[in-house]
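In: Need coordinates for the below:
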Amino acid sequence: MSVPSSQGHNWSKRPKEKEDDDDDDEEEDPVDQMISRTGCTSFHRAVQDCMAEHQDWRQCQRPVQDFKQCMAEYQRRQAGQIARHKPSPAGS
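Out: Numbering: from 1, shown residues only. Have a look, this model is predicted:
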């Protein structure tokens, strides 16, 4: 049985940002790109900051709930847009 190569989440620091000029051609993390499109980036960062500080998700429930609420609102908006663009059933 092989050991997975992933190290999991590293809560000791925030995701990499421009640290030096050598990384100019490095692409943004796909997860960060996805979260950016939702409008919930500040809530996500609050969760990351809390986890980096406390190293215990139980102490970060408020930021987690705020992020969850933001994502749920985004999903409701997306569902509404999809429903508006769906063609009505034939014969109705």
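In: And residue 83, what's its pLDDT?
Out: In this model, residue 83 is scored at 85, pLDDT.
In: Now do the buried residues in the helix or strand encompassing it.
Out: Element membership for residue 83 (DSSP states H and E) is helix 61-85. Across helix 61-85, burial judged by 16 or more other CB atoms under 10 Å covers 63, 64, 66, 67, 70, 71. C-beta coordinates here come from the backbone N, C-alpha and C atoms, glycine included.
In: Return the list of helices and strands in contact with it.
Out: helix 30-38, helix 41-54 (3 or more CB pairs under 8 Å, 6 or more residues apart in numbering; DSSP states H and E).
In: again, only this time at 7 Å
Out: helix 41-54 (3 or more CB pairs under 7 Å, 6 or more residues apart in numbering; DSSP states H and E).
In: got the angle for the helix it packs on vs helix 61-85?
Out: Following axes from the mean of the first three to the mean of the last three CA atoms, to 10 degrees, one obtains 160 degrees for the angle between helix 41-54 and helix 61-85.
In: quick check: mean pLDDT across helix 41-54?
Out: 97.
In: who touches the helix holding residue 83?
Out: The set of residues external to helix 61-85 that reach it, using CB atoms under 7 Å, 6 or more residues apart in numbering, is 38, 39, 40, 43, 44, 46, 47, 50.
In: measure the last one to residue 28 for me?
Out: In this structure, residue 50 and residue 28 are separated by 22 Å, where distance is defined by CB to CB, to the nearest Å.
In: quick one, which of those two is more surrounded?
Out: For residue 50 versus residue 28, neighbours defined as other CB atoms under 10 Å are more numerous around residue 50 (19 against 11).
In: Give the full set of residues in contact with that one.
Out: So residue 50 contacts 60, 63 (CB under 7 Å, 6+ apart).
In: Give me the distance between it and residue 33.
Out: From residue 50 to residue 33 the distance is 22 Å (CB to CB).
In: low pLDDT regions in the protein?
Out: 1-26, 88-92 (pLDDT under 70).
In: one more time with 50, if that's ok
Out: 2-7, 18, 20-21 (pLDDT under 50).
In: In PyMOL, select just the buried ones from the contacts of helix 61-85.
Out: Those of these that count as buried under 16+ other CB under 10 Å are selected in PyMOL with:
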select buried, resi 38+40+43+44+46+47+50
